[in-house]
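Visitor: Quick check, what structure comes out for this input:
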Amino acid sequence: MPEQHFDPGRAVAGTGMGGTMDLGVDEAETLERVPGGPEGTGPQGKPRSLWSDAWRDLRRNPVFIVSALVILFLVVISLWPSLITSGSPLKCDLAKAQEGSQAGHPFGFNGQGCDVYTRTVYGARTSVTVGVCATLGVAVLGSVLGALAGFFGGMWDSFLSRITDVFFAIPVVLGGLVLLSVITSNTVWPVIGFIVLLGWPQLSRIARGSVITAKQNDYVQAARALGASNSRLMLRHIAPNAIAPVIVVATIALGTYISLEATLSYLGVGLKPPSVSWGIDISAASPYIRNAPHALLWPSGALAITVLAFIMLGDAVRDALDPKLR
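Guide: As a prediction, this is how the structure comes out:
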């Protein structure tokens, strides 16, 4: 047998059939590296979850990036309006009523002599507060009731379905005119409570259908056969796989709730002066649209951009979480 010399630049690897083959050092190191895996797998070759796939798609979606930046800006100025304005939204000077843009007052003044720019900035706080709080309330209440109805079924499901039918029959604006007209509170909470009261049936229907679909999957039946309790089935196996449609609908509905608050405030049954709201400013500026259109256009534009940003965000989230759209 010929003498074999060890070459540090070479390595020996098994072929899997009982033999060996010579490899260079670079090739041997390549075999030792963990591959990134094909498309749809993580760094260890494991399949990615729905949430990681969704986040990966969202980061590449320009619609999500633009809408997220707009919403981030709105949240920042809602928390700290003094970052971009130093005035007070309640400070008015009738001598400047309906005047146009001036130095330090880029949006001009409204019919009461209030700075339109300052009131537009502070109006974002009301809209974001109402939208976020109402959406959280609707999502929690609707998801819990709908999930229980879809999971247990039977009489509870039938009872909840009839209740949701009653709420669906109530016109939203008409209901707001009736219910909020008898409330004298000048805070955002009556408006938020009204939106939650009439908004939960939609999320309840979505959650119910999603839970009914998820509980029929094989992994849920296997967990039930192994003795998993109802609470474990709901929280561990069903909820994580049924929550995506609820998140999508809630995100889109957030923009709708902001426009609903502005509509109710415009009609005089939502927020009332001296509260600062885009709906109040639009209502106050409507009679002077010919003489001072700027007092109407700026809060209207801010409202439109805000609602559009949340609807675009919801559309992007829907595209990322819906496997059928991939």
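Visitor: any low-confidence regions in the stretch 1-150 of the chain?
Guide: Applying pLDDT under 70 to the stretch 1-150 of the chain flags residues 1-50.
Visitor: Strands along that one, start to end?
Guide: Ranges of strands in the stretch 1-150 of the chain, per DSSP state E, counting those that start in this stretch, are 10-14, 20-24.
Visitor: residue contacts, the spatially most central residue of the chain?
Guide: Centroid-nearest residue in the chain, with C-alpha atoms, centre = their mean: residue 251, separated by 3.1 Å. Contact partners of residue 251, counting by C-beta atoms under 8 Å, 6 or more residues apart in numbering, are 135, 310, 313, 314, 317, 318. In this view, the C-beta of every residue, glycine as well, is placed from N, C-alpha and C.
Visitor: Give me the buried entries from those.
Guide: Neighbour-count burial (16 or more other C-beta atoms under 10 Å) is assigned, among these, to 135, 310, 313, 314, 317, 318.
Visitor: Pick out whichever of the residues you listed sits closest to residue 67.
Guide: residue 313 (4.2 Å; C-beta to C-beta).
Visitor: Tell me how many other residues crowd the residue nearest to residue 232 when sequence neighbours are not counted.
Guide: Closest residue to residue 232 apart from its sequence neighbours, by C-beta to C-beta, 6 or more residues apart in numbering: residue 223 at 7.4 Å. Residue 223: 17 surrounding residues under other C-beta atoms under 10 Å.
Visitor: Contacts only, for residue 170.
Guide: Residue 170 touches residue 198, counting by C-beta under 8 Å, 6+ apart.
Visitor: From residue 72, how far off is residue 129?
Guide: Here residue 129 is placed at a distance of 16 Å from residue 72 (C-beta to C-beta, to the nearest Å).
Visitor: now swap in residue 215 and tell me
Guide: Applying C-beta to C-beta to residue 215 and residue 72 gives a distance of 37 Å.
Visitor: which of these two has more neighbours?
Guide: Legend: neighbour count by other C-beta under 10 Å for residue 215 and residue 72, higher for residue 215 (20 against 11).
Visitor: From what I see, that one and residue 238 are in contact.
Guide: Yes. Residue 215 is in contact with residue 238 according to C-beta atoms under 8 Å; the separation is 5.6 Å.
Visitor: Need the residues touching each of the two.
Guide: Counting by C-beta under 8 Å, 6+ apart, the residues touching both residue 215 and residue 238 are residue 151.
Visitor: As a markdown table, the buried ones among the contacts of residue 251 with secondary structure and distance to residue 282 would be great.
Guide: Output for the buried ones among the contacts of residue 251, formatted as a markdown table (DSSP: H, G, I helix; E, B strand; the rest coil; distance: C-beta to C-beta, whole Å):
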| residue | secondary structure | distance to residue 282 |
| --- | --- | --- |
| 135 | helix | 22 |
| 310 | helix | 18 |
| 313 | helix | 23 |
| 314 | helix | 24 |
| 317 | helix | 29 |
| 318 | helix | 29 |
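Visitor: how about these, which pair is most distant?
Guide: Every pair in the buried ones among the contacts of residue 251 was compared (C-beta to C-beta); the two farthest apart turn out to be 135 and 318, at 15.2 Å.
Visitor: list the contacts for residue 233?
Guide: By C-beta under 8 Å, 6+ apart, the neighbours of residue 233 are 151, 215, 220, 223, 224.
Visitor: nearest to residue 267, of those?
Guide: The closest of those, once distances to residue 267 are taken by C-beta to C-beta, is residue 151, at 39.7 Å.
Visitor: what's the helix or strand for that closest one?
Guide: Assessed by DSSP states H and E, residue 151 sits inside helix 116-152.
Visitor: now swap in residue 315 and tell me
Guide: Using DSSP H and E, residue 315 falls in helix 294-321.
Visitor: now that helix against helix 116-152, angle please.
Guide: In terms of direction (axes from the mean of the first three to the mean of the last three C-alpha atoms, to 10 degrees), helix 294-321 departs from helix 116-152 by 30 degrees.
Visitor: Could you list the buried residues of helix 294-321?
Guide: Applying 16+ other C-beta under 10 Å to helix 294-321 flags 294-296, 298-300, 302-303, 306-307, 309-321 as buried.
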